[in-house]
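Enquirer: Just need the structure, nothing else, for what follows:
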Amino acid sequence: SAPARPAEPATPAPTGGAEVRIPLTGVRAAIAEKLSRSRREIPEATTWVDVDASGLLAMRDQLRASAPESGIGLFAIMARIVVAGLARHPELNASVDVQRSEIVRHGAVNLSFAVQSPRGLMVPVVHGAQAISTRQLAAAVRDRTQAALEGRLAPAQLTGGTFTLNNYGVFGVDGSTPIINHPEAAMLGMGRIFERPWVVEGALAVRPITQLSLTFDHRVCDGGTAGGFLRFVADCVERPGTLLAEL
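Expert: Reported below is the predicted structural model:
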């Protein structure tokens, strides 16, 4: 039989504190409006996959050893993988013009990424990510992250994004089903990397595993395209050498 559960209290325990009301203004108000508009307009769907991150971690360590001054970490490598994936699946580097009933596929990849700053959630943008090196991409991410934390991001650095890469792992969670950063059409998320049992060539092993999730606007593409993009990203995480064929 199931173990006995403790009796639940008949009434909620008092909190002991007074009600607090926080004005929804400034940055928080802007975030709230953007997220609400995204949820109102975008029919989103989410797909995900667990992947062995051994290859990704090995590539990071090799880059740290061979070019420590480059500052290329996991996020920059993931950003490069995403850019390569969008070259294969441009349907996801898009937005929907509701007024004209048109899907707009963008020529440049303006990569957005989330930063939790003292002022709230900020989403800076690296414009033209497809045209710069991984070293430059890493430097741009560092620069915008620091600017977000210090509250000195210029308006131009917060607008024009075409796709978002989000690292949920920094919060110690495995995954998420986020609200898309309107007017973008998709967001790739990466959960924490932690050791789990994994089958390798028919034998049980312990591997560093992460979950990748893709939330996308179902108006711009169907599940086949979304799955193809996510599978490409997952393959590059497991075998980063795959990227060489895309450069």
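
Enquirer: other SSEs contacting the biggest strand by length in the chain?
Expert: Counting by DSSP state E, the longest strand found in the chain is strand 203-217. Identification of packing neighbours for strand 203-217 by 3 or more Cβ pairs under 8 Å, 6 or more residues apart in numbering; DSSP states H and E yields strand 44-52, helix 54-66, strand 186-190, strand 194-200, helix 223-238. Every residue, glycine included, has its C-beta placed from N, CA and C.

Enquirer: hmm, 6 Å instead?
Expert: Contacts defined by 3 or more Cβ pairs under 6 Å, 6 or more residues apart in numbering; DSSP states H and E place strand 203-217 against strand 44-52, strand 186-190, strand 194-200, helix 223-238.

Enquirer: Now it: buried residues?
Expert: 207-217 (16 or more other Cβ atoms under 10 Å).

Enquirer: likewise stretch 81-100?
Expert: 81-86, 89-96.

Enquirer: same check, this time on stretch 53-65
Expert: For stretch 53-65, by 16+ other Cβ under 10 Å, it's 53-57, 59-60, 63.

Enquirer: From these, pick the one nearest G169.
Expert: The closest of these to G169 turns out to be A53 (Cβ to Cβ; 10.1 Å).

Enquirer: Now do the same contact list for the closest one.
Expert: Under the criterion of Cβ atoms under 6 Å, 6 or more residues apart in numbering, the neighbours of A53 are 193, 208, 210, 237.

Enquirer: tell me which element the residue nearest the centre of the chain is part of?
Expert: What sits nearest the mean C-alpha location of the chain, by Cα atoms, centre = their mean, is N166, with 2.1 Å. N166 belongs to strand 163-167 when elements are defined using DSSP states H and E.
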